Structure formats: structure tokens, C-alpha cells
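1. need a 3D model of the following:
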Amino acid sequence: MSFQDIFGCEPAVTATAPGRVNLLGEHTDYNDGYVLPTAIPQRTTVAMRPNSQAEFIVYAADLATEARFYRDEGPGDHFAQYVHGCIRGIEALGVKVPVLDIHVESDVPIGVGLSSSAALEVATLRALRELLRLDIDDVRIAQIAQRAEIEFAGVNCGIMDQMASSLADTRSVLFLDTRTLERRLLPMPPRTELLVLDSGISRSLAASGYNERRAQCEEAATRLGVGALRDVDDPAAVEALPDPLRRRARHVVTENARVLRAVDGVDAAEFGRLMNESHASLRDDYEVSVAPLDRLVELLQAHPDVHGARLTGAGFGGACVALCREGTASGVARRVLAGYAADGHAGRQLVPAAEEGA
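-> As a prediction, this is how the structure comes out:
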């Protein structure tokens with residue numbers, strides 16, 4: 001249902017933001033490291049207008065759910081906590097936000113590691129920027145969005161997702177130094193396209209596993225006497241650490257090196273090899289994969305039109321991404337998903353969006 005259907009009037013402003021898929025640099029952002037995401041075509045749209053009521057009203061069209069909350073009393077509905085956090089983030093700048101009717105519509109897949117939450121945050125903040133005519137740039141929007149997710153949604157995230165949603169596009173990859181926020185857009189390897197598949201495995205351990213890995217990285221950095229694992233350049237430096245700290249740190253150090261190698265300028269075959277190495281490291285050293293996701297990646301890596309493939313996102317299920325020869329992604333998806341189904345699993349094509357009835 002549209003804004004008009006729910007609220008009986010037209011919105012004052014409308015803004016959108018994309019989801020993202022990360023090609024290299026997994027679990028490095030909270031280690032002050034390097035990442036290489038790109039935007040996906042699917043987007044979240046947020047429309048809003050001031051209302052004359054005491055409560056903020058947020059309607060999520062795709063969930064057919066309404067949430068109401070007061071300025072100083074957050075909502076119980078999880079999706080609305082992101083919106084509330086963005087409103088409070090703008091008010092922290094000294095700006096009074098009027099009570100609002102807010103409508104959210106999205107085709108960003110939820111719960112598979114494509115940053116549906118960051119897309120919601122950035123779209124909300126863009127709408128607030130337009131409504132209130134605020135002089136804040138896209139980097140500041142990403143920073144406010146990250147703080148909203150940490151403080152109001154309870155997710156101790158790095159800044160990659162919000163920066164990608166705020167700054168990336170679907171034609172380029174965003175190289176980001178998460179410590180300095182130095183960034184630049186770089187072209188995708190020529191004559192390639194991306195394929196993103198959902199493994200169909202719920203990321204039930206993603207939150208607890210993420211927090212545990214983050215704590216392990218912090219302990220490894222402390223033992224190595226550095227501010228963050230980003231400060232370790234030589235993989236051999238981590239070998240004296242006890243397990244599992246050694247393996248966790250080795251993943252981060254080698255993953256940073258893979259990102260830097262990719263941005264030096266590599267062809268599609270080399271970029272794919274780096275993606276394959278990344279998955280092996282996430283599987284073996286960081287231990288955030290699961291058997292069905294490994295199988296899906298294995299099927300992708302074996303396809304002749306795939307340069308490389310890896311899990312993307314926090315892991316423990318969710319999605320994987322493959323770099324394919326241009327024009328082949330949908331065909332690769334059909335063949336790989338058929339093989340995956342023969343193994344007893346139910347996956348689906350996310351990017352490019354599968355055609356109706358396909």
C-alpha cells in the first residue's frame with residue numbers, strides 16, 4: 001500500500017538508497033581495514049511528511065506493519081528502531097525534527113547480508129535532509145546511520161554498509177579505508193557482471209558469531225601491541241598467537257592484502273582468484289561459513305563462466321557473490337541453483353533480479 005493509501009495524502013519528500021554487496025574485505029571494517037563493496041539495483045524508498053499527531057507513525061509496506069513511537073520513547077518493532085535512531089541522530093545535531101508520518105517500501109532482500117538496514121537508514125536520513133534542508137553530506141549521513149544502528153538497533157557494526165549505501169553505485173566498486181574514510185570509486189573488471197545468490201540458510205548465528213569474532217580480533221590486536229589488526233602488514237606476525245586468535249587475525253591481515261591487490265588493478269581472472277581465496281579464508285580461518293553455503297560457492301567456482309565466488313556478509317548462511325562473464329549471470333544461476341537443489345537445498349537468485357516465472 002502506498003503513502004496515499006495509508007495516510008490519505010501525498011508525502012512532502014521521498015528519498016531512496018540501495019542495498020550493497022561486498023566483493024572483498026569481509027570482517028575487516030571493524031578492524032579499521034579496507035573494503036570493496038558495490039551497490040545493488042534493489043533499493044529502499046522512504047517517504048514522509050509532518051503530521052499533527054503526538055506520535056511518529058512508520059508503515060513498512062513490504063511487512064504490512066505499522067509502528068508508532070514517541071520522540072523519547074523508542075518503538076518495539078525492530079525495523080522502526082532504525083528509523084527512530086536516524087531521527088534521534090539528526091536531533092543530536094541540534095535540529096528539531098517534527099512528528100512525522102513515514103512510509104517505507106523496499107525490494108532489498110532482508111536477512112541475507114545485503115544491508116537492508118543500511119539502505120533503510122540512509123534513505124531515511126536523505127529524506128530528513130531534504131525535508132529539513134540540512135547541510136550534511138553523504139559521508140555524514142553514513143556516520144549518523146552507523147551510530148543509529150549501534151545505539152538504537154543494538155548492532156555493533158562497522159561503517160562499510162552505511163558508506164556503501166550512501167556513496168556507491170551499481171557501475172563501480174567503492175574502495176574504502178574504514179579508518180580514514182579515504183575512498184574512491186573504481187571500475188568493475190571489464191566484461192563482467194555480478195551474480196548474488198541466497199543460500200536459503202538462515203543466518204541464525206550471525207549476530208552471536210559476529211560479536212565473538214569482533215572480540216577475538218580486539219584481543220589479538222592487544223596481544224600484538226597494535227591499535228587494530230589493520231596495523232599488521234605481515235601475515236607471519238600473527239603466527240605466534242594462540243588459536244583461534246591466530247587464525248582470526250590471519251584472515252583479517254590477508255583479507256586486507258587481497259583488497260589492496262585488487263585496487264592495484266587486476267583483470268577479471270585475478271579478481272576472481274582473490275574472491276576464491278577470500279572464501280577459503282572466511283571458511284577455514286574465520287570460520288563463518290556453513291556447509292550448504294560452501295557447497296553453493298563450490299558450484300559457482302566450478303562453472304566455466306565464473307571467475308570467482310565467495311560468501312558475502314557476516315556469514316553463517318545468507319548470500320554469496322560471484323563475478324561472472326558479462327551476459328552469463330542468469331544462465332549461471334539456473335545451472336548452479338539446479339545443482340544446489342539436487343543436493344537438497346533451496347536457493348534463489350537475488351542479483352540480477354530474477355524474471356517473473358523464471
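
2. state the distance from the closest residue to residue 74 other than its chain neighbours to residue 297.
-> Nearest non-adjacent residue to residue 74, counting by C-beta to C-beta, 6 or more residues apart in numbering: residue 84, 4.9 Å away. (C-beta placed from N, C-alpha, C; glycine too.) Per C-beta to C-beta, to the nearest Å, residue 84 is found 37 Å from residue 297.

3. among these two, which residue is more densely surrounded?
-> More crowded of residue 84 and residue 297, by other C-beta atoms under 10 Å: residue 297, with 28 against 24.

4. that one and residue 111: what is the separation?
-> According to C-beta to C-beta, residue 297 and residue 111 sit 19 Å apart.

5. where along the stretch 1-150 of the chain do the helices fall?
-> 3-7, 78-91, 116-132, 138-152 (DSSP state H, counting those that start in this stretch).

6. show me what counts as buried in the third one.
-> When neighbours are counted by 16 or more other C-beta atoms under 10 Å, the buried residues of helix 116-132 are found to be 116-129, 131.

7. and the residues you listed, which is closest to residue 166?
-> residue 122 (4.9 Å; C-beta to C-beta).

8. let me see the contact set for the closest one.
-> Contacts for residue 122 (C-beta atoms under 8 Å, 6 or more residues apart in numbering) come out as 17, 141, 142, 145, 162, 165, 166.

9. and these as CSV, adding pLDDT?
-> As requested, the contacts of residue 122 are arranged in CSV below (pLDDT from 0 to 100):
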residue, pLDDT
17, 98
141, 98
142, 97
145, 96
162, 95
165, 97
166, 97
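
10. any idea which of those is closest to residue 30?
-> residue 162 (12.9 Å).

11. is that closest one in contact with residue 149, as I believe?
-> Yes: counting by C-beta atoms under 8 Å, residue 162 does reach residue 149; the two are 7.5 Å apart.

12. find residues that contact each of the two.
-> Both residue 162 and residue 149 are in contact with 118, 121, where contact means C-beta under 8 Å, 6+ apart.

13. more neighbours: these two, which one.
-> residue 162 (30 against 25).

14. contacting residues around the strand or helix carrying that one?
-> Using DSSP states H and E, residue 162 maps to helix 160-167. Contacts to helix 160-167, defined as C-beta under 8 Å, 6+ apart, come from residues 17-20, 22, 25, 29, 35, 37-39, 115, 117-119, 121-122, 138-139, 141-143, 145-146, 149, 174, 176, 178, 181, 183, 185.

15. now the angle from that helix to helix 116-132?
-> 40 degrees (axes from the mean of the first three to the mean of the last three C-alpha atoms, to 10 degrees).

16. buried stuff in helix 160-167?
-> 160, 161, 162, 163, 164, 165, 166, 167.

17. from the residues you listed, which is closest to residue 61?
-> Looking across those and measuring by C-beta to C-beta, the closest to residue 61 is residue 165, at 19.2 Å.

18. chain center to stretch 185-192, what's the gap?
-> 20 Å (C-alpha atoms, centre = their mean, to the nearest Å).

19. quick one: mean pLDDT for stretch 62-81?
-> Mean pLDDT, stretch 62-81: 91.

20. go through that stretch and flag the buried ones.
-> 67, 69, 71, 74, 75, 77, 79, 80, 81.

21. quick one, which of the helices of the stretch 1-150 of the chain gets closest to residue 316.
-> Closest to residue 316 of these, according to C-beta to C-beta: helix 116-132, at 16.8 Å.

22. quick one, that closest one and helix 138-152 angle?
-> Counting by the same axes, to 10 degrees, helix 116-132 points 120 degrees away from the direction of helix 138-152.

23. got the CA coordinates for helix 116-132 in PDB?
-> The C-alpha coordinates for helix 116-132 follow below in PDB (Å, rounded to 0.1, in the frame of the first residue of the first chain):
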ATOM      1  CA  SER A 116      18.800  -3.800   4.000                       C
ATOM      2  CA  SER A 117      19.200  -2.000   7.400                       C
ATOM      3  CA  ALA A 118      21.800   0.400   6.000                       C
ATOM      4  CA  ALA A 119      19.600   1.100   3.000                       C
ATOM      5  CA  LEU A 120      16.700   2.000   5.300                       C
ATOM      6  CA  GLU A 121      18.900   4.200   7.400                       C
ATOM      7  CA  VAL A 122      20.400   6.100   4.500                       C
ATOM      8  CA  ALA A 123      17.100   6.600   2.800                       C
ATOM      9  CA  THR A 124      15.500   7.900   6.000                       C
ATOM     10  CA  LEU A 125      18.400  10.300   6.500                       C
ATOM     11  CA  ARG A 126      18.200  11.500   2.900                       C
ATOM     12  CA  ALA A 127      14.500  12.200   3.300                       C
ATOM     13  CA  LEU A 128      15.100  14.100   6.500                       C
ATOM     14  CA  ARG A 129      17.900  16.100   4.800                       C
ATOM     15  CA  GLU A 130      15.600  17.100   2.100                       C
ATOM     16  CA  LEU A 131      12.600  17.800   4.400                       C
ATOM     17  CA  LEU A 132      14.600  19.900   6.800                       C
END
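
24. and stretch 106-115, what's its mean pLDDT?
-> So the average pLDDT for stretch 106-115 ends up being 88.
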